[in-house]
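Novice: need a structure here:
(chains A and B)
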Amino acid sequence: MKLKCKNMTHAMKANRLLYNNGIHSRVEKISDDPEVHGCVYSIVIDDKAASHALKIMSDGGVQLHKKEKIRYGDDA
Amino acid sequence: MIYFDNAASSFPKPAAVSRAVGQWLKMNGANPGRSGHKPALEAGGVIFDTRLLVCDIFGVADPENVVFVPNATYGLNFLIQGLLKPGDHAVTTDLEHNSVLRPLKLLEQRGVSFDAVSVDLYDDGKTVENILKHIKSNTRLVICTQCSNVCGKVMPLRDISLALPKGVSLVVDGAQGAGIIPVNLSEEGIDYYCAPSHKGLLGPQGSGFIAVCGKRPAPIIAGGTGSESFDLNQPDYLPDLLESGTLPTPVIKGMYEGMKFIKNYGIDRIYKHKLKLVRYAVGALEELDGVITYVDPGRALFAGTTCFNVRNKDSDEVARYLADNGVCVRSGIHCAPLFHKKMGTQKTGMVRISFGCFNTVSEIDIFIKIMKKYLKK
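Specialist: Predicted structure coming up:
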């Protein structure tokens, strides 16, 4: 699962939060999405951990990009 | 060389600071928050981890509320100019640095008014009373140093924050307190705090931070943030709102290492050590005939900075003699004009000695010996 974050700060926040909870993730710059412009970063998470990861990110206050289709509470 | 000028810039730095800055410059020159290659993402990680460490040390809830700025003066300008509007009023104190007083004076031309109230060096209750007496219906900010840059007086921030009426925010200039006096912004009710890297945080010159715990200030600088690039308006969220242009990653990396050092060593321990040094120094100076000391660090809360003069001598002359004999101090007005007016030292200035966590009692003994030689001249 790849989630567009509000900015690099939120992508890094997600990465560190997930790491502290034993979930591997990586930060990537979005380069293949016609919907977003500028320096938008995503957090890439293994699909198997997606649901747990979303809960951690939501609880930790990670904000997603306005063009991100998934919202917290949605099924991953 | 004996270095007693830590209130201007701390020295020496922990070995890890210079090592980290050097290694970073050698291994990674990438821009954080812009590109997507590995060095750029690593740079972004350094910036983020430093935000996290600021949160940890200073009790800030969210890392996005930590904004990097070139130094405390820039930080104070962001806050003072970004929060006060025409018609607003602010209260500050007579211990402040020009980094507070000049932005306020500048804003007077735009319809902002302010009062600089007297700090009682030994009665915190009276200081709080003085501040409250000057609060008006249009007062928006109280701007206060954490610690005087000349005499080392530590301000009663918690008492001030508890006493302020709703709608009045507290801005704290942590230039002389960060890394020196323990502070927890959430617990002490401090709305805004700023500090430079190069003093008590033991980092390099060229960076600092603002912690925004209150409403967001309006930006006074706008530009590229990497985010929302097609929108000509500045992003309205932190830290991007206040962080335009490339951040100085090597300096921030050094600041991170400096903060890690003080966190591991313990700010409480650093404070006690500096207080011991300052009390020892003032005690020894008081015994010298012809020396005037101005504060008694045994009577109230003071940090590791103090000031003195030699009767009928200009402070610059004393500082020059000390410098010629290998002791680095600072003389003059220290950009704190109201404090010097308060103490009646506008003409002579003062000699300031400010200790760092690596200074020792035996260095003070050498300094006192040199002072004795000077007084015999």
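
Novice: name the SS class of B:Gly125, please.
Specialist: Following DSSP: H, G, I helix; E, B strand; the rest coil, we place B:Gly125 in the helix state.

Novice: excluding covalently adjacent residues, which one is nearest to it?
Specialist: B:Asp159 (7.6 Å; Cβ to Cβ, 6 or more residues apart in numbering or on different chains). Every residue, glycine included, has its C-beta placed from N, CA and C.

Novice: what are the buried residues along the helix or strand containing A:Arg26?
Specialist: Applying DSSP states H and E as the criterion places A:Arg26 in strand A:25-29. Within strand A:25-29, the residues that qualify as buried are A:Ser25, A:Val27, A:Glu28, A:Lys29, counting by 16 or more other Cβ atoms under 10 Å in any protein chain shown.

Novice: returning to what we had before: in contact with the residue nearest to B:Gly125, which residues are there?
Specialist: By Cβ atoms under 8 Å, 6 or more residues apart in numbering or on different chains, the contact set of B:Asp159 is B:Asp124, B:Gly125, B:Val128.

Novice: within reach of chain B, which of the buried residues of strand A:25-29 are there?
Specialist: A:Val27, A:Glu28, A:Lys29 (Cβ under 8 Å from any Cβ of the partner chain).

Novice: how about A:His24: what's its closest non-neighbour residue?
Specialist: Nearest to A:His24 is A:Asp46, by Cβ to Cβ, 6+ apart, at 6.6 Å.

Novice: neighbours of that neighbour, how many?
Specialist: By the measure other Cβ atoms under 10 Å in any protein chain shown, the count of residues near A:Asp46 is 11.

Novice: read off the pLDDT value for it.
Specialist: Per-residue confidence at A:Asp46 stands at 93 (pLDDT).

Novice: again, but for the one 3 residues further on
Specialist: According to the model's per-residue confidence, A:Ala49 sits at a pLDDT of 92.

Novice: got it, and A:Ala76?
Specialist: 50.

Novice: and B:Val112, by the same measure?
Specialist: Looking at B:Val112, its pLDDT stands at 98.

Novice: now it: how far from B:Glu187?
Specialist: Here the criterion is Cβ to Cβ, to the nearest Å. By it, B:Val112 lies 30 Å from B:Glu187.

Novice: comparing the two, which residue is more hemmed in?
Specialist: A count of neighbours by other Cβ under 10 Å puts B:Val112 above the other of B:Val112 and B:Glu187, at 23 against 10.

Novice: get me the contact residues on the stretch 101-250 of chain B for chain A.
Specialist: B:Thr225, B:Gly226, B:Ser227, B:Glu228, B:Ser229, B:Phe230, B:Pro235, B:Tyr237, B:Pro239, B:Asp240.

Novice: these: which two are farthest apart?
Specialist: B:Phe230 and B:Pro239 (20.0 Å; Cβ to Cβ).

Novice: and the pLDDT at the residue in the stretch 51-200 of chain B that chain A sits nearest to?
Specialist: At 5.1 Å from chain A, B:Glu64 is the closest residue in the stretch 51-200 of chain B, using Cβ to the nearest Cβ. For B:Glu64, the pLDDT comes out at 96.

Novice: that one: neighbour count?
Specialist: Neighbourhood size, B:Glu64 [other Cβ under 10 Å]: 25.

Novice: check contacts around it.
Specialist: A:Thr9, A:His10, A:Lys13, B:Arg51, B:Tyr237, B:Leu238, B:Pro239.

Novice: of the residues you listed, closest to B:Ala319?
Specialist: Distance to B:Ala319 across the contacts of B:Glu64 (Cβ to Cβ) is lowest for B:Arg51, with 38.1 Å.

Novice: output the below-cut-off pLDDT ranges for the stretch 51-200 of chain B.
Specialist: When residues are selected by pLDDT under 70, none of them lie in the stretch 51-200 of chain B.

Novice: can you pull out the strands in it?
Specialist: For the stretch 51-200 of chain B, the strands defined by DSSP state E, counting those that start in this stretch cover B:66-69, B:89-93, B:113-117, B:139-145, B:169-173, B:192-196.

Novice: can you tell me how far B:Leu242 sits from chain A?
Specialist: Computed as Cβ to the nearest Cβ, to the nearest Å, the B:Leu242 to chain A distance reads 12 Å.

Novice: the nearest residue to that residue once chain neighbours are set aside and B:Gly125, how far apart?
Specialist: Distances taken as Cβ to Cβ, 6+ apart put B:Val67 closest to B:Leu242, at 4.5 Å, once the chain neighbours are dropped. Counting by Cβ to Cβ, the gap from B:Val67 to B:Gly125 is 34 Å.

Novice: equivalent analysis for B:Leu202, please.
Specialist: Distance from B:Leu202 to B:Gly125, by Cβ to Cβ: 34 Å.

Novice: repeat for B:Leu107
Specialist: In terms of Cβ to Cβ, B:Leu107 sits 30 Å off from B:Gly125.

Novice: and if you look at A:His37?
Specialist: Counting by Cβ to Cβ, the gap from A:His37 to B:Gly125 is 56 Å.

Novice: what of B:Cys144?
Specialist: Relative to B:Gly125, B:Cys144 is positioned 15 Å away (Cβ to Cβ).

Novice: give me the more crowded residue out of the two.
Specialist: Using other Cβ under 10 Å as the criterion, B:Cys144 and B:Gly125 rank with B:Cys144 on top: 25 against 11.

Novice: wait, doesn't that one sit right on B:Pro156?
Specialist: No - with contact defined as Cβ atoms under 8 Å, B:Cys144 does not count as touching B:Pro156 (9.4 Å).

Novice: joint contacts of those two?
Specialist: By Cβ under 8 Å, 6+ apart, no residue touches both B:Cys144 and B:Pro156.

Novice: what parts of chain A come near chain B?
Specialist: Within chain A, the residues that sit near chain B (Cβ under 8 Å from any Cβ) are A:6-13, A:15-16, A:27-29, A:31, A:37-41, A:61, A:63.

Novice: in strands only, show me the residues you listed.
Specialist: A:Val27, A:Glu28, A:Lys29, A:Tyr41 (DSSP state E).

Novice: isn't B:Asp56 right up against B:Lys263?
Specialist: Yes - counting by Cβ under 8 Å, B:Asp56 does reach B:Lys263; the two are 7.1 Å apart.
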